[in-house]
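Chemist: coords please:
(one chain, ligands or ions: 1)
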Amino acid sequence: MLKMVVCVSGGGTNLQAILDSLGSGRITNAEIIAVISNNAGAKALERAAAHHIPGIVMSPKKYPDREAFNEAFTAKMRELGPDLIVLAGFLVRIPPRMVAEFSNRIVNIHPALIPSFCGVGYYGLRVHEKVLERGVKVTGATVHFVNEGMDEGPIIEQKAVRVREGDTPETLQRRVMEQAEWILLPAAIDDIANGRIAVKGERVVRLDTVCRDT
Ligand code: GAR
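Modeler: Numbering: from 1, shown residues only. Got it, this is the predicted structure:
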């Protein structure tokens with residue numbers, strides 16, 4: 001059974017998609033042992049509580065500096081000892097030491113087709129604002145392993161979503177979530193929990209022969 005810690009910052013709709021998938025059997029061999037939020041008011045914490053999953057608040061603002069937060073955050077993760085850390089809308093940079101200690105065991109969902117619209121400053125609604133500003137016609141979401149770079153780790157899966165005439169950042173965000181994020185993240189977790197993918201250098205390879213068309 002794959003033990004997961006899910007890290008969140010806000011609404012927690014991706015967390016909800018994971019919870020629903022665990023409930024429906026779309027994800028097997030996995031469980032969430034804790035949810036960590038940097039924001040005490042995150043709706044995601046209510047979603048965790050509704051499923052009797054412990055919620056832990058760890059905000060960088062409560063520490064004298066980033067180094068102190070990074071140490072406490074990494075120590076907490078070590079104590080929890082998950083097999084997989086899932087960043088489901090977590091808007092805090094993962095400490096380098098945690099990345100090293102949990103190498104290829106941290107996944108992130110990003111609301112664009114990496115390597116487009118990613119890196120410093122590209123998070124949440126801002127990503128969709130930039131997509132609309134640039135006028136691209138196709139965007140999407142990416143689920144990837146986290147390395148020491150920003151949105152740079154090995155890509156597990158991606159899904160394209162069309163930008164529509166008249167989209168606002170909010171309508172586009174919603175479509176990317178519905179058509180891509182809430183499908184990709186549970187599917188990736190299920191693949192990891194059931195040993196269907198592996199990291200080979202910079203790339204993720206499938207160990208089964210079935211091509212899952214999400
Ligand atoms: C999601 O769109 C997620 O992809 C994004 O934040 C949103 C969180 O929504 N993450 C990033 O931008 C990370 N760079 P949620 O709290 O409802 O899941």
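Chemist: name the residues of this structure found near the ligand, please.
Modeler: The chain has residues 8, 10-14, 44, 88-89, 109-111, 123-124, 127, 177, 181 near the ligand, with proximity defined as C-beta under 6 Å from any ligand atom. Every residue, glycine included, has its C-beta placed from N, CA and C.
Chemist: one more time with 5 Å, if that's ok
Modeler: Residues of the chain lying near the ligand by C-beta under 5 Å from any ligand atom: 10-14, 89, 109-111, 123-124.
Chemist: want to try TSV for these, with pLDDT as columns?
Modeler: TSV is the format used below for these (pLDDT from 0 to 100):
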residue	pLDDT
10	94
11	95
12	98
13	98
14	98
89	97
109	98
110	98
111	98
123	96
124	95
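Chemist: by proximity to the ligand, which residue of the protein wins?
Modeler: Going by C-beta to the nearest ligand atom, the ligand is nearest to residue 89 of the chain, at 2.5 Å.
Chemist: for that residue, give me its contacts.
Modeler: Counting by C-beta atoms under 8 Å, 6 or more residues apart in numbering, residue 89 touches 8-15, 44, 109, 124.
Chemist: now with 7 Å, please.
Modeler: 8-10, 12, 14 (C-beta atoms under 7 Å, 6 or more residues apart in numbering).
Chemist: hang on, the earlier thing: narrow the residues of the chain next to the ligand to those that are buried.
Modeler: When the residues of the chain next to the ligand are checked for burial by 16 or more other C-beta atoms under 10 Å, the buried set is 10, 12-14, 89, 109-111, 123.
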